[in-house]
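Visitor: please work out how this folds:
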Amino acid sequence: MSLEDLVTKYIASAEHALGTIKIADVNHNKDNVTKIIESAKAYLADAKYYRNQRKLEVSLTSVAYCEGLLDALRLLGAVKFEWPAKAKEERER
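Guide: The predicted structure is shown next:
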């Protein structure tokens with residue numbers, strides 16, 4: 001898989017996660033959770049921008065930051081979402 005294909009795959013995965021994300025009803029400051037989600041969206045926008053500029057290494061780094069923020073929120077129980085591959089596995093069971 002080429003770097004461009006990998007970047008495109010990760011961007012699509014992050015778009016899916018952000019499109020289905022739900023803030024959980026737990027004892028987290030929802031304003032802070034929302035700010036972190038907005039930061040993840042900004043990193044995703046950066047990833048798309050740099051992909052279009054053919055700066056694929058920077059694009060990959062940006063989308064990785066986006067995924068890291070989303071995973072951290074999920075591990076804390078602050079949000080709920082599934083990555084596309086996991087959602088597909090669930091549907092196939």
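Visitor: what is the helix or strand hosting Tyr49 packed up against?
Guide: Applying DSSP states H and E as the criterion places Tyr49 in helix 30-52. Judged by 3 or more Cβ pairs under 8 Å, 6 or more residues apart in numbering; DSSP states H and E, helix 30-52 is in contact with helix 3-20, strand 22-23, helix 56-75. Heads up, the C-betas are built off the backbone N, CA and C, glycines and all.
Visitor: quick one: pLDDT of the spatially closest residue to Pro84 that is not a sequence neighbour?
Guide: Nearest non-adjacent residue to Pro84, counting by Cβ to Cβ, 6 or more residues apart in numbering: His16, 4.6 Å away. Looking at His16, its pLDDT is 97.
Visitor: buried residues in stretch 19-35, which are they?
Guide: 21, 24, 28, 33 (16 or more other Cβ atoms under 10 Å).
Visitor: ok, of these, which one's closest to Lys9?
Guide: Checking the buried residues of stretch 19-35 against Lys9 by Cβ to Cβ gives Ile21 as the nearest, at 18.8 Å.
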